[in-house]
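Trainee: Model the following, please.
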Amino acid sequence: MTTFDLHMHSLYSSDGQFTCQELIEKVKEAKLSLIALSDHNTAQGVDEMMQLGKQNAIRVIPAIECDTLFDGLEVHVLGYGLNHHTPYFEKLPQQIAQLKQGTMTKRIAKLNEYFDMELDAQALLQRFGTMNPFPAIVDYFLKDPRYANKPAFQPYQPGGERCEPACVNFYWDMCSAGNPCYVHVPYPSLQETVEHIHEAGGIAIIAHPFRNFFHQEERLEKALSQGIDGIEAYSNYHTREQNLYYEDYCQKHHVLMSCGSDFHGKMKPKIQLGEYGYEGNHAEIILQQFLYALANN
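Mentor: As a prediction, this is how the structure comes out:
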């Protein structure tokens with residue numbers, strides 16, 4: 001059983017469920033003593049979470065998960081131990097929101113064309129007009145009697161091989177870079193993001209590298225050459241084979257490792273705090289190496 005989790009989200013993320021107070025209660029229930037709150041493109045909840053951590057004898061590391069572009073791929077980069085009050089990170093939530101404006105309408109148009117649907121983008125965005133309406137829209141058309149029986153949607157239906165969580169898996173399978181419903185969003189580059197993390201005194205870790213870097217060592221080496229400090233080797237996105245692959249890579253190449261559940265709540269209902277597939281006996285060593293890197297950055 002592990003005592004730390006370096007990747008979780010609160011409702012300050014567009015797809016998170018719980019307030020910081022609710023999340024700290026869940027952290028206590030999971031018997032975790034060290035965590036990192038890593039919301040999407042925002043550190044708005046970090047100060048609150050750190051205060052709650054002090055009140056409950058739980059160490060909270062300031063963190064953020066940033067959307068970036070690298071080699072034509074959308075790659076998430078985790079920043080740890082950074083000063084999240086620098087002007088860049090204070091402005092980042094609004095910057096990313098502006099970049100995403102109009103993206104959803106274009107994505108719905110692509111979904112309509114590729115899957116032969118007649119989704120009304122304006123009506124859907126009015127109905128599900130949140131910071132991140134995509135999960136609700138996917139849930140809507142997967143349940144729509146007009147489309148629910150489409151063969152392409154069966155893996156995402158209850159009991160299907162990609163049903164947990166359906167909206168997240170659908171995004172990566174159909175809407176991420178290189179897939180048929182992809183819409184380009186001009187996120188900051190990985191290198192630019194890493195530079196801002198370092199300037200803010202933090203370390204930069206590739207989040208859930210799974211398919212983008214699996215057996216793609218040249219691509220991984222290129223990311224490391226752009227300042228990446230480490231890899232989230234253990235993640236709920238990974239198969240057991242991928243977890244072991246990334247651990248082996250980190251050990252052979254002396255790359256920092258991290259581990260995180262990527263807990264969101266109802267968005268990813270099977271993911272639990274403190275669980276990320278680690279089966280070894282050296283979790284404490286992984287944590288201490290991570291903390292050493294933070295302290296000596």
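Trainee: Mind telling me what element G53 is part of?
Mentor: helix 46-55 (DSSP states H and E).
Trainee: same question for that helix, mean pLDDT?
Mentor: The pLDDT scores in helix 46-55 average 98.
Trainee: Now do the same for P180: helix, strand or coil?
Mentor: Three-state call for P180 (DSSP: H, G, I helix; E, B strand; the rest coil): coil.
Trainee: who touches it in this structure?
Mentor: By CB atoms under 8 Å, 6 or more residues apart in numbering, the residues touching P180 are K110, Y114, M174. All C-beta spots, glycine's among them, are computed from the backbone N, C-alpha and C.
Trainee: Which residue ranges of the stretch 1-150 of the chain form strands?
Mentor: Per DSSP state E, counting those that start in this stretch, the stretch 1-150 of the chain carries strands over the ranges 4-8, 34-37, 59-70, 73-80.
Trainee: Next: the stretch 151-297 of the chain.
Mentor: Applying DSSP E, counting those that start in this stretch to the stretch 151-297 of the chain gives strands spanning 203-206, 230-235, 256-260.
Trainee: need these in a markdown table with mean pLDDT and mean neighbour count, can you?
Mentor: Listed next are these as a markdown table, based on pLDDT from 0 to 100; neighbours: other CB atoms under 10 Å:
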| stretch | mean pLDDT | mean neighbour count |
| --- | --- | --- |
| strand 203-206 | 99 | 28 |
| strand 230-235 | 97 | 25 |
| strand 256-260 | 98 | 24 |
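Trainee: which stretch among those comes nearest K91?
Mentor: Between K91 and these, the shortest gap by CB to CB is with strand 203-206, which sits at 18.6 Å.
Trainee: contacting residues around the closest one?
Mentor: Contacts for strand 203-206 (CB under 8 Å, 6+ apart): 75-81, 193-194, 197-198, 213, 223, 227-232, 256, 258, 293-294, 297.
Trainee: same deal with stretch 97-105?
Mentor: Residues outside stretch 97-105 that contact it (CB under 8 Å, 6+ apart) are A121, L125, M131, P133, F134, I137, V183, V185, P186, Y187.
Trainee: so what's D262 up against?
Mentor: Counting by CB under 8 Å, 6+ apart, D262 touches H7, M8, H9, A207, H208, S235, N236, Y237, K268, I271, Y276.
Trainee: my guess is Y246 meets G230, correct?
Mentor: No. Contact criterion CB atoms under 8 Å: Y246 and G230 do not qualify, at 10.2 Å.
Trainee: shared neighbours, those two?
Mentor: Residues touching both Y246 and G230 (CB under 8 Å, 6+ apart): M257.
Trainee: follow-up on the earlier one: going through the contacts of D262, which one is the model least confident about?
Mentor: Ranking the contacts of D262 by pLDDT, K268 lands last with 82.
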